[in-house]
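# Got a predicted model here, sequence first, then my questions.
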Amino acid sequence: MEETTTLDIETLKEQYIPGPQSLHLQRAPVPNDVIYTVGLYGWRKRCLYFLLLLFLVTMIVNLALTVWIIKVMNLSTGGMGNLQLSQDGIRLEGFSEFLLPLYVKEIRSRRDSALVLRSERNVTLNVRNSQGHLTGQLTVGSDSVEAQCRRLEVRSRADGQPLFSADADEIRIGTRTFTVTGSEGAVFRHSVETPLIQSSASEELKLESPTRTLTMGAPRGVEVTSAHGALTVGGRKDLQLQSTEGEIILDAATVRLASLPLGVFAPEPPGRASPQPPPPPPAGQATYEVCVCPSGKLYLSPAASSSTCQAVSNICLWS
């Protein structure tokens, strides 16, 4: 019979499981001459100093540039140099140069000086609507002034009445008189409508059409008057006075018809009338009769006890 071994549990615990006092570990002794310090050393320290120096130099340069800009631009609490800021807007003193477009609501000068806009090429003022479309433009160039708009008006400073207006349909001049001082006068390519054409007191008034016909017409009549001098109406060819429904009245103290041809009373039949010019009147003949041909031509005929005008006169036949 085999022998049995009895295990004592308490004995095993004492052999393999240490007690509480055996769990405390003993630390190694630390020598007194070892000191641990905290900080940056080596390349980290040099980089930090370099960054601090760079920031310091940058700050000094920025400060110097700021002072230089303030000195050059003459900056102050009221503005910048010739530019002054106020509640009403911006005020510029002296000459100002703009390199880019300028958008403002109003430009005006001081009360004691004029406003001058100067450019090496031209000065252009543009007006645009809310959509940005161009509605008006004024261009002042070296040899011309151009205005592009629907209607151009020039008004009087005193009462604001329009002095000149122009659009696509007509041009109006609102002044009391329109004076042309050119030596050649005024040239009109088309018709002119005006209530009065008058020259100055010391000059002559001349209406001329060198190559075409000069026509004057009005629904209530045309009046040609020379108050202080002679009135001359001349033409290279025929001069026609025509009235369709009225009369032609020559009202003057003396009506003179110069250079009228002289006719001769011819009792012979018309077939024997001589086509040659009539002989000069006798020396004692001083009275003549004014005759009118059927064609309307006037001629003189020696006056007698009865009329000597003949429709078959040599003047009427051969004229």
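On my side now, so go ahead.

# C-alpha only now, for contacts and for neighbours.
OK.

# any idea which helix or strand comes after the longest helix along the chain?
If each helix of the chain is counted by residues according to DSSP state H, the longest one is helix 43-73. Later in the chain than helix 43-73, the nearest helix or strand by DSSP states H and E is strand 75-76.

# Within the sheet, what are the partner strands of that next one, with directions?
Sheet pairing for strand 75-76, assigned by DSSP bridges, gives strand 79-80 (antiparallel).

# Just give the strands next to the helix or strand following the partner strand in its sheet, each with its orientation.
Following strand 79-80 in sequence order, the next helix or strand is strand 83-85 (DSSP H and E). According to DSSP bridges, strand 83-85 forms sheet pairs with strand 79-80 (antiparallel), strand 90-92 (antiparallel).

# Buried residues in strand 83-85, which are they?
Within strand 83-85, the residues that count as buried by 16 or more other CA atoms under 10 Å are Leu83, Gln84.

# what is the mean pLDDT for that strand?
What strand 83-85 shows for mean pLDDT is 76.

# got a list of contacts for that strand?
Contacting residues not belonging to strand 83-85 are listed as Gly78, Gly79, Ile90, Arg91, Leu92, Glu93 [CA atoms under 8 Å, 6 or more residues apart in numbering].

# quick one, what contacts Leu317?
Listed by CA under 8 Å, 6+ apart, Leu317 has no contact partners.

# can you give me phi and psi for it?
Here is the backbone geometry of Leu317 (degrees, to the nearest 10): phi -80, psi -40.

# Now the residue nearest in space to the middle of the chain. Nearest residue, chain neighbours left out?
In the chain, the residue lying closest to the centroid (CA atoms, centre = their mean) is Ala147, at 2.4 Å. Once flanking residues are discounted, Ala147 sits nearest to Leu138: 4.5 Å by CA to CA, 6 or more residues apart in numbering.

# Counting neighbours, what do you get for that neighbour?
Under the neighbour criterion other CA atoms under 10 Å, Leu138 is assigned a count of 15.

# Could you verify that it is part of a strand?
Yes: counting by DSSP: H, G, I helix; E, B strand; the rest coil, Leu138 falls inside a strand.

# Adjust the sequence numbering to begin at 755 for everything that follows.
Taking 755 as the first residue, the last one we looked at is Leu892.

# Please tell me how far it sits from Thr878.
Leu892 is 6 Å from Thr878, where distance means CA to CA, to the nearest Å.

# element containing Thr979, please.
Counting by DSSP H and E, Thr979 is part of no helix or strand.

# Identify the residue nearest it in space, chain neighbours excluded?
Excluding its sequence neighbours, the residue lying closest to Thr979 (CA to CA, 6+ apart) is Leu985, at 7.5 Å.

# For the one you found, what are phi and psi?
The phi/psi pair for Leu985 (degrees, to the nearest 10) reads phi -120, psi 120.

# What count of nearby residues applies to it?
Residues lying near Leu985 (other CA under 10 Å) number 12.

# low pLDDT regions in the protein?
Applying pLDDT under 70 to the chain flags the ranges 755-793, 1020-1039, 1073.

# residue ranges of the strands in it, please?
All strands of the chain, identified by DSSP state E, fall at 829-830, 833-834, 837-839, 844-846, 877-882, 888-894, 899-902, 906-909, 916-920, 925-927, 1042-1046, 1052-1056.

# Mind putting these into CSV with distance to Val821?
Shown next, in CSV, are the strands of the chain (distance: least, CA to CA, whole Å):
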stretch, distance to Val821
strand 829-830, 10
strand 833-834, 14
strand 837-839, 19
strand 844-846, 23
strand 877-882, 37
strand 888-894, 42
strand 899-902, 46
strand 906-909, 51
strand 916-920, 56
strand 925-927, 61
strand 1042-1046, 106
strand 1052-1056, 103
